[in-house]
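Participant: Have a look at this prediction, sequence included:
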Amino acid sequence: MSEEQSTSDNTRTFREARDFLIAHREDYETAYRDFNWPVFDRFNWARDWFDALAVEQPEVPALTIVEEDGEVNSLTYAEMAERSRQVAGWLNQAGLQPGDRVLIVLGNTVPLWETMLACIRAGAVMIPATTLLTDADLADRIERGGVRAVVTSSAEAGRYEGIADYCLRVAVGDRVDGWLHYDDSAQYDGPVPDVETAAHDSLLLYFTSGTTSQPKLVEHTQVSYPVGHLSTLYWIGLQPGDVHLNVSSPGWAKHSWSNVFAPWNAGATAFLYNYARFDAEKMLRVLQTYGVTTFCAPPTVWRMLIQADLTAVDVQIRECISAGEPLNPEVIEQVLNAWGVTIRDGYGQTETTAQIGNPPGQPVKLGSMGRPLPGYSIALVDPGTGEVGDDGEICIELAPPPVPLMRGYRDAKDLTDEAMRGGFYHTGDVASRDEDGYITYVGRADDVFKASDYRISPFELESVLIEHPAVAEAAVVPSPDPVRLAVPKAYVVLVAGREPSRELADEILSYCREHLAPYKRIRRIEFAELPKTISGKIRRVELRTDEAAKVDRGERAEHAYDESDFRPG
């Protein structure tokens, strides 16, 4: 079979799967029952899919980036395809070979998308990373990732001295001695390395954020993310021609989910708004001005947005999505009242695409993540007995493994075997399923704890805490107790303008007592900053360890209070 014929067949096969999901975007039962993952022996998403869109809809914007000062940078599908060919050929000429690993450390700037598409085209393996990494983090990524090339901003180039001297180094921005200058790629007019990659070839390596351990290296293939994000497309409800704004930072899996693969699978525009500091009113104006039709944001952004007047703008938003951590019902209700659109929650991991979600047109149960998405078979497995039921760890059935599941943890067979044990991929998250099949997040298996022999979900308690007007963020952990083994303790970050005090502690504890069942009662509280991973996830394991140590030493922090301080006995 010729290369052209193979590309044509791959494009047709991919399109049939995509179009089936779009056609049944509001018919969950049919989509879930009849969808099958497309199967490929060889697949290159840049050539087999993106190039086809560039021919079919050359003038449709593939990427639009709006800066705070109003500057707009935009490339059509045809322009993006051509630029990625130039960059792929230029990098190949400089020595980049198929299979080489490329560390990409860029902000939301056009070269990020050009470079990613170029790497796919050239058969290189991408290691996207956040610009927030420390020097030690960078050295770790380069060493453990086996990095062959680095693409970063000129301003950051100095940080790589001594740790990437053997690498092919590309600077975006001003010229840097000893580095290739990215702008030179625009003059390249030589051959383009359209590599015919096998479906199982490596494409992406992601360092997970690690809330309880050091980052693991997640390995994805040429199909697991590009093809696998058809489930994400379905969850979001993306359609050709949409303008999709996703609030996410480069370097994290969610950025690839909703700023690259899902919108471009749909033939939509990936829309970015760059800001130094989030401003709810400015974001609302951007949503209105640029005709955003689908909007995805983490809970923290949604909580800040509802502090502004949502009714002050006339938005064209058809779909609202939340992801990252479960969203509390109060925010969903406020957005629905203002815009007439229900924020739909979903669930997935760096190791997968969207596994569970509330797709368009389906009843939404407040607090629930939704149901298994097409292509995924989800089981809830009791961590103790291994039995499948309506409560337990969220697991993906591996008979057969779904296309979007990672190949494994690179260079860590023991971790991969542990995650894939017993015929399931184990997510490490605990949930419950109701009689209608809706799944509700309970918490990380590592975070759930027992108090007086009752099982406590930190997330459930935290959802109540953040509904108090003085609470900006909260994390609940077990605090050792001689009678109950452990009691729930809340670490609380206050909103601007509120200061820690004995009176406020009493007020918040009283509020929780009124809104929680007696056995879930928060009995201790401390006003403090929350330790977080570099991706912004709360490191509860650190709080648990510190709390156990303080109790063991008989210490109490300055702004820590116990319910007995207010109601002895």
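Facilitator: Here it is on my side, so go on.

Participant: Lowest average confidence across helices and strands of this protein, where is it?
Facilitator: Of all regular secondary-structure elements in the chain, judged by mean pLDDT, DSSP states H and E, the least confident is strand 454-456 with a mean of 79.

Participant: What is that one packed up against?
Facilitator: When contacts are defined as 3 or more CB pairs under 8 Å, 6 or more residues apart in numbering; DSSP states H and E, strand 454-456 packs onto strand 449-451. For every residue, glycine as well, the C-beta is placed using N, CA and C.

Participant: How far off centre is the strand it packs on?
Facilitator: Between the mean C-alpha point of strand 449-451 and the mean C-alpha point of its chain there is a distance of 29 Å (CA atoms, centre = their mean, to the nearest Å).

Participant: What are the contacting residues of it?
Facilitator: By CB atoms under 8 Å, 6 or more residues apart in numbering, the list of residues contacting strand 449-451 from outside reads R455, I456, P458, V477, P478, D481, R484, L485, A486, V487, P488, Y519.

Participant: Surely the third one and V476 touch.
Facilitator: Yes - in this structure P458 lies within contact range of V476 using CB atoms under 8 Å: 4.1 Å.

Participant: so where's the stretch 201-350 of the chain shaky on pLDDT?
Facilitator: Counting by pLDDT under 70, the low-confidence segments of the stretch 201-350 of the chain come to 209-213, 324-326.

Participant: where exactly do the strands run in it?
Facilitator: Remark: strands assigned in the stretch 201-350 of the chain by DSSP state E, counting those that start in this stretch are 202-207, 217-221, 243-246, 269-273, 294-297, 319-322, 343-348.

Participant: What strands line up against the fourth one, and which way round?
Facilitator: According to DSSP bridges, the neighbouring strands of strand 269-273, each with its direction, are strand 61-66 (parallel), strand 243-246 (parallel).

Participant: Tabulate the CA atom coordinates of stretch 223-239 in CSV.
Facilitator: Only the C-alpha atoms of stretch 223-239 are listed here, as CSV (Å, rounded to 0.1, in the frame of the first residue of the first chain):
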residue,chain,number,x,y,z
VAL,A,223,-2.7,7.1,19.1
SER,A,224,-3.3,7.1,22.9
TYR,A,225,-3.6,10.9,23.1
PRO,A,226,-4.3,12.0,19.5
VAL,A,227,-7.0,9.4,18.9
GLY,A,228,-7.9,8.9,22.6
HIS,A,229,-9.0,12.5,22.9
LEU,A,230,-12.1,11.7,20.9
SER,A,231,-13.6,10.9,24.3
THR,A,232,-12.6,14.4,25.5
LEU,A,233,-14.2,15.9,22.3
TYR,A,234,-17.4,14.0,23.2
TRP,A,235,-17.4,15.1,26.8
ILE,A,236,-16.9,18.8,26.0
GLY,A,237,-19.4,18.6,23.1
LEU,A,238,-17.0,20.2,20.6
GLN,A,239,-18.2,20.6,17.0
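
Participant: P458 and V476: who's more crowded?
Facilitator: In terms of neighbours (other CB atoms under 10 Å), V476 is the more surrounded of P458 and V476; the figures are 30 against 24.

Participant: Correct me if wrong, but that one is in a helix.
Facilitator: No - under DSSP: H, G, I helix; E, B strand; the rest coil, V476 falls outside any helix and is assigned strand.

Participant: That one bridge partners, please.
Facilitator: When bridges are called by DSSP bridges, V476 pairs up with A490.

Participant: doesn't R521 make contact with it?
Facilitator: No - using CB under 8 Å, V476 and R521 do not qualify as a contacting pair, with a distance of 11.3 Å.

Participant: Show me what the helix or strand that the least confident helix or strand of the chain is followed by is in contact with.
Facilitator: Past strand 454-456, further along toward the C-terminus, the next helix or strand under DSSP states H and E is helix 458-465. Contacts with helix 458-465, where a contact means CB under 8 Å, 6+ apart, come from 325-326, 328-329, 367, 441-443, 447-449, 471, 474-477, 488, 490, 492, 508, 511-512, 515-516, 520, 522, 540.

Participant: What subset of these is buried?
Facilitator: Among the contacts of helix 458-465, the ones that count as buried by 16 or more other CB atoms under 10 Å are 325-326, 328, 367, 441-443, 447-449, 471, 474-477, 488, 490, 492, 508, 511-512, 516, 520, 522, 540.

Participant: domains of the protein?
Facilitator: Here the domain assignment for the chain is 3-433, 457-565, based on automatic domain parsing.

Participant: per-stretch mean pLDDT over the ones you listed, give me the minimum one.
Facilitator: Ranked by mean pLDDT, these bottom out at domain 457-565, with a mean of 90.

Participant: Between the two ends of it, how far is it?
Facilitator: 25 Å (CA to CA, to the nearest Å).
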